[in-house]
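>>> The sequence isn't on hand, but the structure is:
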């Protein structure tokens, strides 16, 4: 069979354009999905990381992609076309509950104290966790010069200030009932806040330690 030069050039151009088109990006969150629709009947489907996302053929021309775990996966779909369709699947954790918890915690803290970062989703008693953080912030405000920060990362909450910090020899004793260390510009309180905070942390199987001018709550 003979093909005219113009038709061959057109075919070559189509191949170049097809190869230049990169995979389509799809972003979803865990527990959610996206429906992909095709113009031809689907012949075959392959996904690289089934623990991150799955692809279910729900009709001859539709695929439902579901997010299962945070990460990245590649999806390839053959639908009778000249080349398979390729997709990069990006799955992120659903942080809507985290954001709600952060706002609730922020509302319970004094004005000027800022919460930053993002942590893991853990099944905890929010009222008790808030009490721990409030006690730590109240303590930090007594010693801070101008700043108190609350940062969450992974399974940690860190409360820090720009005060003088707790001397190494007192970093364990300050968690005892009625213990006081006078290093800040304001007089210490009754000496119960840190003791209560540690007890509440232990009820959650967590640890609460002091590292100078930073208190670290680890779940």
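Great, that's in hand. Small disclaimer: the values here were computed from a predicted structure and weren't measured.
>>> Strands of the protein, residue ranges please.
24-29, 33-37, 44-47, 53-59, 62-67, 71-78, 85-92, 114-119, 148-154, 156-161, 207-211, 214-218 (DSSP state E).
>>> Mean neighbour count for those strands - can I get that in a markdown table?
Every C-beta, even on glycine, is put in place using the N, C-alpha and C of the backbone. Output for those, formatted as a markdown table (neighbours: other C-beta atoms under 10 Å):
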| stretch | mean neighbour count |
| --- | --- |
| strand 24-29 | 14 |
| strand 33-37 | 14 |
| strand 44-47 | 14 |
| strand 53-59 | 17 |
| strand 62-67 | 19 |
| strand 71-78 | 17 |
| strand 85-92 | 18 |
| strand 114-119 | 14 |
| strand 148-154 | 18 |
| strand 156-161 | 22 |
| strand 207-211 | 16 |
| strand 214-218 | 20 |
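>>> I'd like to know which of the ones you listed is closest to residue 181.
Residue 181 lies closest to strand 207-211 among these, at 10.1 Å (C-beta to C-beta).
>>> Now do the domain split for the chain, please.
Per automatic domain parsing, the domain ranges recorded for the chain read 5-92, 96-218.
>>> and these as CSV, adding mean pLDDT?
Shown next, in CSV, are the domains of the chain (pLDDT from 0 to 100):
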stretch, mean pLDDT
domain 5-92, 83
domain 96-218, 82
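>>> Would you quantify the distance from the closest residue to residue 214 other than its chain neighbours to residue 136?
Spatial nearest neighbour of residue 214, excluding adjacent residues (C-beta to C-beta, 6 or more residues apart in numbering): residue 160 at 4.1 Å. For residue 160, the distance to residue 136 (C-beta to C-beta, to the nearest Å) stands at 10 Å.
>>> coming back round to it: export the strands of the chain as a markdown table, with columns for distance to residue 141.
Output for the strands of the chain, formatted as a markdown table (distance: least, C-beta to C-beta, whole Å):
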| stretch | distance to residue 141 |
| --- | --- |
| strand 24-29 | 37 |
| strand 33-37 | 46 |
| strand 44-47 | 51 |
| strand 53-59 | 46 |
| strand 62-67 | 41 |
| strand 71-78 | 40 |
| strand 85-92 | 35 |
| strand 114-119 | 13 |
| strand 148-154 | 6 |
| strand 156-161 | 8 |
| strand 207-211 | 16 |
| strand 214-218 | 13 |
